[in-house]
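>>> dropping the sequence and predicted coords here.
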Amino acid sequence: MSQIMEEGPLREAAILTRAVENVLRKFIRLLLGRITLVKLQEMIKIIFVEEAEEKAKKDRPGKNVPLTNLALLTGLDTRTLQKMSENAEYKSDTFQEKQFLRKFSAEASILDKWSSNPQYLDQESNQPLKLHVKGAKPSFESLVSEAVIARGITTNSLLKKLIRSGSVVLDKKSQSVIFRERQYLPNSPEDEAVLIKAGLNHAASLMATVSKNLSHGDNKADRLFHRANWTSRLNKKDLCEYRKCLRESMINAEVKFVELMSNFEEDLDHPDQVSAGIGMFYFEDETTT
């Protein structure tokens, strides 16, 4: 009887261990050469304790969280936890960017504003205007000054990056910038950090969706949409055509998603807004590439 009862928890632990190992292995593969194991361990320890404290607070609203509770959740002794709580990095924003989706990158912010703000759209076609590089509003210069919060970023440097990514085209004769693509896709070595940042943020968003769905238990109505579909019987000779067809379908779906999002999106920021959206990506088992 006891053996049967143990099979459930042990099986669940084995499944969780394999799943965590799969995620961590791919995550570490991406981080190798970019961050040391020592620094990663420091970050994980701090974040683990912070999240444990947040969970304990939700379980006991309005009450202080005893160190003994945190010790049970984290496996750390109370002396270590006390020392960590006195560290300046604990509960700081060193490892967190809560507004990342809103302030993802200067380039993405520019394209978003250009394609959604009425002041930068043609009144008849509702398409992004052709903008003079310099001059009074609406111009590319005024767009940069409104869309970019960070200091020290010049109009010329941003223009070069957007041209290089294929998001815009420069008409040298008229010194005007023509909008091409709403999505900013970094494609140069110096933009590698931006690409990594975007990918890891998408992974974090997926984890947030899984976590939220788990918190709703059997209440399916409140669960966020989460699906993945794949096949294990794809002939390697069909791979290129398969990628091409799926890419075209995903691009068409993305256009519909953006149109739907635009119907709900508000022009001005205010405190009652949240970041929400949908992410899409194509994947293959590494052994098939």
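Happy to help now that I have it.
>>> all strands for the stretch 1-150 of the chain, in order.
For the stretch 1-150 of the chain, applying DSSP state E, counting those that start in this stretch gives strands covering 131-132.
>>> with the stretch 151-289 of the chain instead?
Under DSSP E, counting those that start in this stretch, the stretch 151-289 of the chain gives strands at 168-171, 176-179.
>>> got those as JSON lines, with mean neighbour count and distance to residue 146 columns?
From N, CA and C alone the C-beta is placed, and that goes for glycine too. Below are the strands of the stretch 151-289 of the chain laid out as JSON lines (neighbours: other Cβ atoms under 10 Å; distance: least, Cβ to Cβ, whole Å):
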{"stretch": "strand 168-171", "mean neighbour count": "16", "distance to residue 146": "16"}
{"stretch": "strand 176-179", "mean neighbour count": "19", "distance to residue 146": "15"}
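>>> now for those strands, which one comes closest to residue 285?
strand 168-171 (36.3 Å; Cβ to Cβ).
>>> average pLDDT across the closest one?
Strand 168-171 shows a mean pLDDT of 90.
>>> from residue 117, how far off is the closest residue to residue 136 other than its chain neighbours?
Sequence neighbours aside, residue 142 is the residue nearest to residue 136 in space, at 7.0 Å (criterion: Cβ to Cβ, 6 or more residues apart in numbering). With distances taken as Cβ to Cβ, to the nearest Å, residue 142 is found 11 Å from residue 117.
>>> do the same with residue 228
As judged by Cβ to Cβ, residue 228 and residue 117 stand 35 Å apart.
>>> circling back: adding distance to residue 273, write the strands of the stretch 151-289 of the chain out as CSV.
CSV is the format used below for the strands of the stretch 151-289 of the chain (distance: least, Cβ to Cβ, whole Å):
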stretch, distance to residue 273
strand 168-171, 27
strand 176-179, 25
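>>> quick one: which of those strands is nearest residue 67?
Using Cβ to Cβ, the strands of the stretch 151-289 of the chain put strand 168-171 closest to residue 67, at 54.3 Å.
>>> what helices or strands is the closest one leaning on?
Applying 3 or more Cβ pairs under 8 Å, 6 or more residues apart in numbering; DSSP states H and E, we find strand 168-171 packed against helix 155-165, strand 176-179.
>>> for these, give me CSV that also has mean pLDDT and distance to residue 34.
Listed next are the helices and strands packed on strand 168-171 as CSV, based on pLDDT from 0 to 100; distance: least, Cβ to Cβ, whole Å:
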stretch, mean pLDDT, distance to residue 34
helix 155-165, 85, 21
strand 176-179, 92, 33
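>>> the helix or strand bottoming out on mean pLDDT in the chain packs against which elements?
When the helices and strands of the chain are scored by mean pLDDT, DSSP states H and E, helix 2-31 comes last with a mean of 75. Other elements packing on helix 2-31 under the criterion 3+ Cβ pairs under 8 Å, 6+ apart are helix 192-215.
>>> run the chain-centre distance for the helix it packs on.
5 Å (Cα atoms, centre = their mean, to the nearest Å).
>>> what is the mean pLDDT for that helix?
Helix 192-215 comes out with an average pLDDT of 79.
>>> and for residue 166, the neighbour number?
Here the number of neighbours of residue 166 (other Cβ atoms under 10 Å) works out to 13.
>>> where's it relative to residue 261, distance?
The gap separating residue 166 from residue 261 is 22 Å, by Cβ to Cβ.
>>> tell me, how many residues neighbour residue 273?
As a burial measure, residue 273 scores 11 neighbours (other Cβ under 10 Å).
>>> quick check: nearest residue in space to it, chain neighbours excluded?
Closest to residue 273 by Cβ to Cβ, 6+ apart is residue 266, at 6.7 Å.
>>> for residue 201, see how far away residue 30 is.
In terms of Cβ to Cβ, residue 30 sits 13 Å off from residue 201.
>>> oops, could you answer that again for residue 178 instead?
As judged by Cβ to Cβ, residue 178 and residue 201 stand 29 Å apart.
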